[in-house]
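*Asks:* Quick one, fold the following:
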Amino acid sequence: MAKARALEKRRKAIRNIRKITRTMELIATARFRKAMERAMTGAAYTRRLTDLVGHLARTDLEVSHPLLEHRDKTHRATLLMFTANRGLCGGYNAAVMRCGLGAWRRLKERGVEERRLEVVGKRGISGLKFRGITPDESFTHFNERPVFAEVDVLASRYLHDYLEGQLDRLEVAYTRFDSLSRQEAVVETLLPLGELDGAEKAAHDLDEHPEYEFLPSPESILDEVVPMSFKMRLMKCFLDAAVSEQVARMLAMKAATENADSMISELTMIFNRARQGQITSELLEVINGAEALSQ
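*Replies:* Residues are numbered from 1 along each chain as shown. As a prediction, this is how the structure comes out:
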């Protein structure tokens with residue numbers, strides 16, 4: 001009977017764990033839907049701004065902006081790594097860490113004199129600490145619903161450092177959200193803006209020599225559009241990371257729930273066999289006792 005009781009106790013514990021994982025799966029699903037709506041809302045605007053800035057940088061117009069200027073030598077670079085504040089999201093944090101540390105090594109191999117490593121999320125901070133790496137700055141106040149006002153503060157600091165010559169290159173390691181079935185840990189260059197992926201394809205998406213009319217002046221328009229393009233691009237990284245985190249947690253909790261179901265079924269079968277064996281043993285004892293009394 002002791003074995004059957006132990007099996008029942010273990011099965012009850014797994015059922016309780018299953019309730020938790022199932023609840024977390026439902027919560028992650030709800031948060032994913034809200035995060036995806038926010039990400040999709042800003043994606044088209046961000047993409048169009050990026051394409052426009054990239055195309056302007058490749059036209060024959062006599063307009064220029066410091067954020068679009070290519071710097072031959074990178075003396076100062078910053079790597080911003082996006083991780084989660086919480087775990088239980090599968091390999092989400094590990095993939096970003098692996099991708100980000102690879103970019104960090106490449107910056108060193110290129111001979112960048114001054115490098116800064118900045119991390120978003122508690123999991124990234126603890127992961128770097130485990131590897132003996134101390135980030136230059138860390139952020140833990142960003143959650144699954146990033147606010148543009150908070151991102152704007154960070155983006156403004158990067159813009160100021162870049163314009164003052166204290167920063168030559170900004171790279172971000174984050175999980176890009178393409179669809180529910182595809183999220184990829186990538187490293188993208190946000191500064192200078194001329195190296196954005198969208199800028200490279202903009203010349204093919206638009207006419208080769210479009211005509212622009214600037215009112216009141218090209219400088220005033222670019223002073224507004226170019227910095228906003230960078231800020232929205234950084235905001236998109238936050239939104240993509242938030243969506244990808246919820247997808248990873250949703251899938252991880254779904255897999256945990258399915259594993260719990262499988263373990264419960266297996267333990268139920270073992271419990272039934274053990275219980276059947278105990279009943280058979282008890283019946284044999286009763287029969288043997290009755291035969292002993294009849295003799």
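*Asks:* CA atoms for contacts and neighbours, from now on please.
*Replies:* OK.
*Asks:* how close does N272 sit to N259?
*Replies:* 20 Å (C-alpha to C-alpha, to the nearest Å).
*Asks:* Also E282?
*Replies:* From E282 to N259 the distance is 34 Å (C-alpha to C-alpha).
*Asks:* which element follows whichever strand or helix holds K129 toward the C-terminus?
*Replies:* Using DSSP states H and E, K129 maps to helix 122-130. Following helix 122-130 in sequence order, the next helix or strand is strand 137-139 (DSSP H and E).
*Asks:* Can you give me the buried ones in stretch 277-289?
*Replies:* Residues Q278 are the ones in stretch 277-289 that count as buried (16 or more other C-alpha atoms under 10 Å).
*Asks:* Just the C-alpha atoms of it, please, in CSV.
*Replies:* Provided in CSV are the C-alpha atoms of stretch 277-289 (Å, rounded to 0.1, in the frame of the first residue of the first chain):
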residue,chain,number,x,y,z
GLY,A,277,-1.4,-6.0,-7.3
GLN,A,278,-2.2,-5.0,-3.8
ILE,A,279,-5.8,-6.0,-4.1
THR,A,280,-4.8,-9.4,-5.5
SER,A,281,-2.3,-9.8,-2.7
GLU,A,282,-5.0,-9.0,-0.1
LEU,A,283,-7.5,-11.4,-1.7
LEU,A,284,-4.9,-14.2,-1.6
GLU,A,285,-4.3,-13.5,2.1
VAL,A,286,-8.0,-13.8,2.8
ILE,A,287,-8.3,-17.0,0.8
ASN,A,288,-5.3,-18.5,2.5
GLY,A,289,-6.7,-17.5,5.9
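*Asks:* distance between it and the chain's centre?
*Replies:* A distance of 59 Å separates the centroid of the chain from that of stretch 277-289, by C-alpha atoms, centre = their mean, to the nearest Å.
*Asks:* Show me what the mean pLDDT comes to for it.
*Replies:* Mean per-residue pLDDT for stretch 277-289: 77.
*Asks:* And stretch 91-99, by the same measure?
*Replies:* Stretch 91-99 shows a mean pLDDT of 93.
*Asks:* Please spell out which residues along it are buried.
*Replies:* Using 16+ other C-alpha under 10 Å as the test for burial, stretch 91-99 gives 92-97, 99.
*Asks:* Narrow these to those in strands?
*Replies:* Taking DSSP state E, every one of these sits outside strands.
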